[in-house]
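1. Below: sequence and its predicted model.
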Amino acid sequence: MANGGLHLADHWVENHKRDSWRRQAKASGYRARSAFKLKQIQERFTLLREGDITLDVGCHPGGWAQVATELVGESGWVIGVDLEACQPVEGSILLVGDITEAHTQQRVLEELNERPLNSVISDISPNITGKWDMDQAVAMTLVAQVFDFSLPLLCKGGSFVSKLFQGVGVEELIDVVKPFFSDVRRFSPHASRNSSSEVYLVCRNFMPWKFRKVSVLEGYETALNLKLGGDDIEEAPDIITSSFSVRKKKTE
Ligand SMILES: C[S@@+](CC[C@H](N)C(=O)[O-])C[C@H]1O[C@@H](n2cnc3c(N)ncnc32)[C@H](O)[C@@H]1O
C-alpha cells in the first residue's frame, strides 16, 4: 500500500490479535496484555535472571512487573516507577513519580542503596496527543532520559530494553548507545499491537568501561540537529570522545 496504512482486513486481524492477547492476559492473571511482550522478549533474549535487580520504567498497571518478579525470583527484586499508582506486586517496590524528575530518581537511588542494576526494562510511553510526529519526538526524548538516568547504575554485562516509537531519530539514538553494549538490536514481539510502529530496543552486555558518562540526550539531540540541519549549530559539541589515544613513538 502506497501510504503504508492498513487495509480494513488488516485492521480486523490486528484487533483480533489484540483481543486475543487481552483474553490470554486475563486468563493467566496478568494485569495487561503487555505482559506477553516482555515474556516474548525474554524467550528470545533471556535478559532477566534469578536474583537480578531490575528497574521497570513506566510500570503501570504492573504487567511487566508481574513477569519480571517471576523471572528474578525470591532472591531478586524489581523496582518500578510510573506517574500512576499501581496495585502492589509481591516481590517488587512500585514507586509513583516522574522518572525524569530528580526527586523520583533520588527515591530509586535510595531503594537501590548503592546496589547496581542488572537490567532496565522500560515500556515508557508518554500521553498520546494524536499528532504522531510530536508524540514520537517526545517519546524518543523520554527514552534518552531513561538511558541517562539508568546507565550509570547498570552493572557490567547488564541489559537495557526500551520501547521505541519508529520514526525520526531512532537511528541517531541507537548510534549513541550502541558503543556501550556488545549487542544492540530491534525486536518486535508478536504481542505488539501494531508491529509497524511499536518495536523494542534490546541492548545486551553493558560494557561500563566504554561508557564515558556522556549525556545520551545531548548526543541524540546533537545528531538529530545535524541530520535535520536545524538550530544553526556552528560546530557540534564534542560529546562522545574517541577511545583512541595517540601514543608517542619512542625515540632512540
Ligand atoms: C504502556 S504503559 C506501561 C505498561 C506496563 N509495562 C505494564 O506491563 O503494565 C506506559 C506507562 O508509561 C508511564 N509514563 C509515561 N511517562 C512517564 C514518566 N515521565 N515517568 C514515569 N512513567 C511514565 C505512563 O504513565 C504509562 O503507565
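-> Cool, the structure landed.
2. Do the lengthiest strand in the chain and the ligand come into contact?
-> Identified as the longest strand of the chain according to DSSP state E is strand 154-165. No: Strand 154-165 lies out of reach of the ligand by Cβ under 6 Å from any ligand atom, never closer than 7.2 Å. (Each C-beta comes from the backbone N, C-alpha and C, glycine too.)
3. Pull up the pairing partners for that strand, direction included.
-> In the sheet, strand 154-165 lines up against strand 117-122 (parallel), strand 198-206 (antiparallel) (DSSP bridges).
4. That strand: how far from the chain's middle?
-> 6 Å (Cα atoms, centre = their mean, to the nearest Å).
5. Give the buried residues for it.
-> Judged by neighbour count (16 or more other Cβ atoms under 10 Å), strand 154-165 contains these buried residues: 154, 158-165.
6. what does stretch 216-232 give?
-> Across stretch 216-232, burial judged by 16+ other Cβ under 10 Å covers 216-217, 219-224.
7. The ligand contacts on the stretch 51-200 of the chain?
-> Residues of the stretch 51-200 of the chain found near the ligand (Cβ under 6 Å from any ligand atom) are 58-64, 81-84, 98-100, 123-126.
8. if we go to 5 Å?
-> Residues of the stretch 51-200 of the chain lying near the ligand by Cβ under 5 Å from any ligand atom: 58, 60-61, 63-64, 82-84, 98-99, 123-125.
9. Just those: which are in strands?
-> Residues of those located in strands (DSSP E): D82.
10. For the residues of the stretch 51-200 of the chain next to the ligand, could you give me JSON lines that also reports pLDDT and neighbour count?
-> Formatted as JSON lines, these follow (pLDDT from 0 to 100; neighbours: other Cβ atoms under 10 Å):
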{"residue": "G58", "pLDDT": "98", "neighbour count": "22"}
{"residue": "H60", "pLDDT": "98", "neighbour count": "21"}
{"residue": "P61", "pLDDT": "97", "neighbour count": "19"}
{"residue": "G63", "pLDDT": "97", "neighbour count": "24"}
{"residue": "W64", "pLDDT": "98", "neighbour count": "31"}
{"residue": "D82", "pLDDT": "98", "neighbour count": "23"}
{"residue": "L83", "pLDDT": "98", "neighbour count": "14"}
{"residue": "E84", "pLDDT": "98", "neighbour count": "10"}
{"residue": "D98", "pLDDT": "98", "neighbour count": "14"}
{"residue": "I99", "pLDDT": "98", "neighbour count": "22"}
{"residue": "D123", "pLDDT": "97", "neighbour count": "21"}
{"residue": "I124", "pLDDT": "96", "neighbour count": "21"}
{"residue": "S125", "pLDDT": "93", "neighbour count": "16"}
